[in-house]
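Novice: my questions are about this predicted structure, shown below with the sequence.
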Amino acid sequence: MSLGSENPRTRAKLGLLLSALALIAVGAPACSRRGHAASARGDEEDGQWPMTGKDYANRRFSGLTEITTGNVASLKVAWTFSTGIPKGHEAPPLVVGDTMYVVTPFPNNAYAFDLRSPGGPPKWMYKPRPTSAAQGVACCDVVNRGAALWNGKLIFNGLDAQTIAVDAETGRERWRTRVGDINKGESMTMAPLVVKGKVLVGNSGGEFGVRGWLAALDAETGALAWRAYSTGPDADCLIGREFRPFYAQDRGTDLGIHTWPPERWEQGGGTVWGFLSYDPARDLVYGGTANPGVWNPELRPGDNKWSAGIFARRPDTGQAVWFYQWSAHDLYDHDGINENVLVDLNVGGRVRAVLGHADRNGYFYVVDRATGEVLSAAPFAPVNSSHGVDLKTGRLVPAGEKIPHQGRVVRDVCPAAPGAKDWQPMAFSPQTGWFYIPHNNLCEDIEVTEASYIQGTPYIGATVRYHAGPGGNRGVFTAWDPVAGKAAWTVKETFPTWSGALATAGGVVFYGNLEGWFKAVDARTGKLLWQFQTGSGVIGQPVSYRGPDGKQYVAVFSGVGGWAGSVVSADLDTRDDTAGNGWGRVMKDLPSRTSKGGTLFVFSLP
């Protein structure tokens, strides 16, 4: 049966069942001895939010139905909490049982809140005190994208490349493992995913010429189990006998070396800082890789494996099963790290187990998640930097006139380096069969230059200046029909839409904008149903949960920042067009529309 073709009630039940089974199939206990759940309960919505994407499929869909299109206009603030940190707040709250957990941007403080008491008073606070110097190697604000709950532990990453586990009941540190080196330019902003007792984490730092990797730590002890690099020899990339990529260009020996100039792979980027997904039926973890090291493509001829693509790996060993490259020989900093949302769709008259991926290069991909075959790829935003994706070869077809070359400025390249969609995660509703995509409408002028690698310093080789795309609006919120390969509806936003999305069984979709408005729209029409001014730009990931009182709540962080909001959070000089790697001119009006913040908002019906 197709998620895109049944009646809404059947699709809702099927979606919840699949999410629940995905968690149960990996052996995650329903709850720990301390009552901290790690899986769904049977075939019904349990009202909890134990990981950043809600479930292993990364759907960000809540099956709660108390808040609906008919009553969402009555939402009120239930309680708030200020972190006192004036940087970008991108993490979602997690909720299990009667406790909510949050992690802040640097200095990465963790809090637990008692949901049984009015106002959600803190139960504990943990301060990891990360190395201050890590702030100097964070390219795009000192954000943190969330935590994970597993067997009574809250697990998260510090900006200084340490992964930390604390007791979820008391906040006492259980273990701490350093997995990266800030002296090399490595930092960590991603949310971990725990699969089969292994904590999966990856590094940031592609703009510092680091070598990307995905690592697995033992969830009980923090000991390193395996590390898979994104560049270099097959042995380092954990590419072995099981590796069966679908497309010919991804087959061969040591392509992580041979698709680079000599030694360039050692500063090759391909970091793994996005959201991970897991398919228990196929026992595969899906994770994207970021841009190749140095933005100037003329300094790195070749496909630059295994950057700007996606690996499917075995969680027990890290061994690669397949790989697909969204942007071979990436020309524009189009990281391939965006989330991969696992769904079943009717493709060509039969149901396929697929992943949906809205890439920075501007195309929405539907990919067979067993093989890596691209089933469809359609533009979800204005694109002139390429002429589409050749489905026979899987290759993106560059537009020759937009390819950067040293000695000249290439103008009006769409999408810009932040992509048609950057990190901001989309949601999927099994009721409509649509994806809800917060994204950008940005183009750029780019001039590539020489660059020399010096460990721990920026390694970019390009000057970029962003400007609004067609229509003049800089952001969009789109409902995307993956079967039809087109938008069902769109909402224009003044600035890039930099928050995550949340879909609910009440037919309501939530997201925020950089002006500080947190919004609820009709999932089927996009009609604005409710909005609340939080006082600072919303770049957080909204969640919904059932409180101990039985009521449905919606929670989100407000606090402008991230790459798009760094003109405010980092007090950048907007008279400089290139400030923040290109944001100065295009965001010069943001400081007059919002201010710094750092507040958790929790909403409910009266």
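Specialist: All right, it came through fine.
Novice: pretty sure residue 565 contacts residue 539?
Specialist: Yes: the pair residue 565 and residue 539 qualifies as a contact (Cβ atoms under 8 Å) at a distance of 6.1 Å. Where C-beta positions appear, they are placed from N, C-alpha and C, glycine not excepted.
Novice: which residues are in contact with each of these two?
Specialist: Here residue 565 and residue 539 share the contacting residues 88, 498, 514, scored by Cβ atoms under 8 Å, 6 or more residues apart in numbering.
Novice: neighbouring strands - and their directions - for the helix or strand where residue 80 lies?
Specialist: In this structure, residue 80 sits in strand 76-82 according to DSSP states H and E. Here strand 76-82 has these sheet partners by DSSP bridges: strand 599-604 (antiparallel).
Novice: now the strand it pairs with: mean pLDDT?
Specialist: Here the mean pLDDT over strand 599-604 is 98, rounded to a whole number.
Novice: cool, stretch 398-412 as well?
Specialist: What stretch 398-412 shows for mean pLDDT is 97.
Novice: chain center to it, what's the gap?
Specialist: Stretch 398-412 has its C-alpha centroid displaced from the chain centroid by 29 Å (Cα atoms, centre = their mean, to the nearest Å).
Novice: equivalent analysis for stretch 480-488, please.
Specialist: Computed by Cα atoms, centre = their mean, the chain-centroid distance of stretch 480-488 equals 21 Å.
Novice: can you point out the buried residues in that stretch?
Specialist: Buried residues in stretch 480-488, counted by 16 or more other Cβ atoms under 10 Å: 480-483, 487-488.
Novice: just the local confidence number for the residue lying closest to residue 202 once chain neighbours are set aside, please.
Specialist: Sequence neighbours aside, residue 272 is the residue nearest to residue 202 in space, at 2.8 Å (criterion: Cβ to Cβ, 6 or more residues apart in numbering). pLDDT, the model's per-residue confidence, is 98 for residue 272.
Novice: how far away is the closest residue to residue 600 other than its chain neighbours from residue 538?
Specialist: The spatially closest residue to residue 600, leaving aside those adjacent along the chain, is residue 81, at 4.4 Å (Cβ to Cβ, 6+ apart). Noted for residue 81: a distance of 15 Å to residue 538, by Cβ to Cβ, to the nearest Å.
Novice: swap in residue 325?
Specialist: On the measure of Cβ to Cβ, residue 325 and residue 538 end up 33 Å apart.
Novice: again, but for residue 515
Specialist: Residue 515 is 9 Å from residue 538, where distance means Cβ to Cβ.
Novice: what do you get for residue 351?
Specialist: For residue 351, the distance to residue 538 under the criterion Cβ to Cβ works out to 36 Å.
Novice: cool, residue 176 as well?
Specialist: Per Cβ to Cβ, residue 176 is found 31 Å from residue 538.
Novice: same deal with residue 85?
Specialist: Applying Cβ to Cβ to residue 85 and residue 538 gives a distance of 15 Å.
Novice: neighbour count: the two, which is higher?
Specialist: The residue with more neighbours, out of residue 85 and residue 538 and counting by other Cβ atoms under 10 Å, is residue 538; that gives 34 against 20.
Novice: need the contact list for the more buried one.
Specialist: With contact taken as Cβ under 8 Å, 6+ apart, residue 538 is in contact with 499, 511-514, 516-518, 556-558, 560.
Novice: leaving out chain neighbours, which residue sits closest to residue 395?
Specialist: Distance criterion Cβ to Cβ, 6+ apart; nearest residue to residue 395, sequence neighbours excluded, is residue 328 at 6.2 Å.
Novice: helix or strand for that neighbour, which one?
Specialist: Under the criterion DSSP H and E, no helix or strand holds residue 328.
Novice: before we move on, back to that, of all the buried residues of stretch 480-488, which comes closest to residue 320?
Specialist: Compare each of these with residue 320 using Cβ to Cβ and the shortest gap goes to residue 482, at 25.7 Å.
Novice: got the confidence number for the closest one?
Specialist: 98.
Novice: that one contacts residue 367, correct?
Specialist: No: using Cβ under 8 Å, residue 482 is not in contact with residue 367, being 10.8 Å away.
Novice: same for the helix or strand that contains residue 102, what does it pack against?
Specialist: Following DSSP H and E, the helix or strand that holds residue 102 is strand 99-103. Contacting strand 99-103 under the criterion 3 or more Cβ pairs under 8 Å, 6 or more residues apart in numbering; DSSP states H and E are the following elements: strand 94-96, strand 110-114.
Novice: outside of it, which residues touch it?
Specialist: Among residues not part of strand 99-103, those counted as contacts by Cβ under 8 Å, 6+ apart are 36, 81, 83, 91, 93-95, 109-115, 120, 123, 144, 146-147, 149, 154, 156, 168, 545, 555, 557, 600.
Novice: what sits closest to residue 174 if chain neighbours are left out?
Specialist: Once flanking residues are discounted, residue 174 sits nearest to residue 165: 4.5 Å by Cβ to Cβ, 6+ apart.
Novice: mind listing what that neighbour touches?
Specialist: Listed by Cβ under 8 Å, 6+ apart, the contact set of residue 165 reads 153-155, 173-176, 199, 219, 222.
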